[in-house]
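Student: give me the fold of what follows.
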Amino acid sequence: VVILSLLMYPVLRSLALQLHSAVTGSYISGTHSIAFINCLNEQIAKDIARAIMDKKLAAYVNILPKSLALYFWKGELEESTEILLLVKTRTSKIGELSNYVRSIHPFEIPEIISLPIDQGNPLYLKWIEENVPRD
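Tutor: This next block holds a predicted model:
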């Protein structure tokens with residue numbers, strides 16, 4: 001019984017948080033995430049952003065202007081300019097988003113990282129939820 005309780009704790013906790021959120025209208029920290037995706041140029045950034053939106057993997061994508069990037073690649077220090085995408089989505093979609101972007105991105109190893117959203121404007125977070133279908 002103790003082992004079963006320990007194994008079930010994450011599931012029961014998640015269900016309790018969802019129930020509490022539904023009853024009180026409060027936000028469950030980490031329900032949504034921001035993914036960061038780097039792109040070689042503005043056209044590639046627009047193409048990837050549009051593809052993400054067409055697949056409904058995000059509610060909103062910012063395309064930030066050029067930034068200087070320094071990184072190691074195959075043992076050498078490289079310098080380039082890149083465009084950054086900020087992708088707002090459900091945390092549950094991050095795996096699918098990452099797989100899809102890797103399949104269409106021209107980089108051998110594209111940067112695709114995400115951070116959970118801890119807090120935010122409740123109306124905006126609800127809007128994200130309404131515009132990104134559940135799994």
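Student: and P65, what element?
Tutor: strand 60-73 (DSSP states H and E).
Student: so which residues make contact with that strand?
Tutor: 38, 42, 45-46, 49, 52-53, 77-88, 128, 131 (CB atoms under 8 Å, 6 or more residues apart in numbering). All C-beta spots, glycine's among them, are computed from the backbone N, C-alpha and C.
Student: go again using 7 Å as the cut-off
Tutor: 45-46, 49, 52-53, 77-88 (CB atoms under 7 Å, 6 or more residues apart in numbering).
Student: and the helix or strand following it, how far out from the chain middle?
Tutor: Later in the chain than strand 60-73, the nearest helix or strand by DSSP H and E is strand 76-90. Distance of strand 76-90 from its chain centroid, counting by CA atoms, centre = their mean, to the nearest Å, is 14 Å.
Student: list the helices and strands strand 76-90 packs on?
Tutor: Packed against strand 76-90, as judged by 3 or more CB pairs under 7 Å, 6 or more residues apart in numbering; DSSP states H and E, are the following elements: strand 32-39, helix 42-54, strand 60-73, helix 122-131.
Student: and it, which strands flank it?
Tutor: Pairing partners of strand 76-90, with direction, according to DSSP bridges: strand 32-39 (antiparallel), strand 60-73 (antiparallel).
Student: most packed of those?
Tutor: Across the strands paired with strand 76-90, averaging neighbours per residue (mean count of other CB atoms under 10 Å) puts strand 32-39 on top, at a mean of 22.
Student: how about residues contacting that strand?
Tutor: Residues from elsewhere that reach strand 32-39, judged by CB under 7 Å, 6+ apart: 45, 48, 82-91, 94, 97, 101, 110-117, 125, 128.
Student: send the alpha carbons of it over as PDB?
Tutor: Output of strand 32-39 as PDB, limited to C-alpha atoms (Å, rounded to 0.1, in the frame of the first residue of the first chain):
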ATOM      1  CA  HIS A  32       2.300  26.700 -20.200                       C
ATOM      2  CA  SER A  33       5.900  27.200 -21.400                       C
ATOM      3  CA  ILE A  34       8.000  29.500 -23.600                       C
ATOM      4  CA  ALA A  35      10.200  27.700 -26.100                       C
ATOM      5  CA  PHE A  36      13.300  29.400 -27.500                       C
ATOM      6  CA  ILE A  37      14.300  28.500 -31.100                       C
ATOM      7  CA  ASN A  38      17.200  30.000 -32.900                       C
ATOM      8  CA  CYS A  39      17.200  30.500 -36.700                       C
END
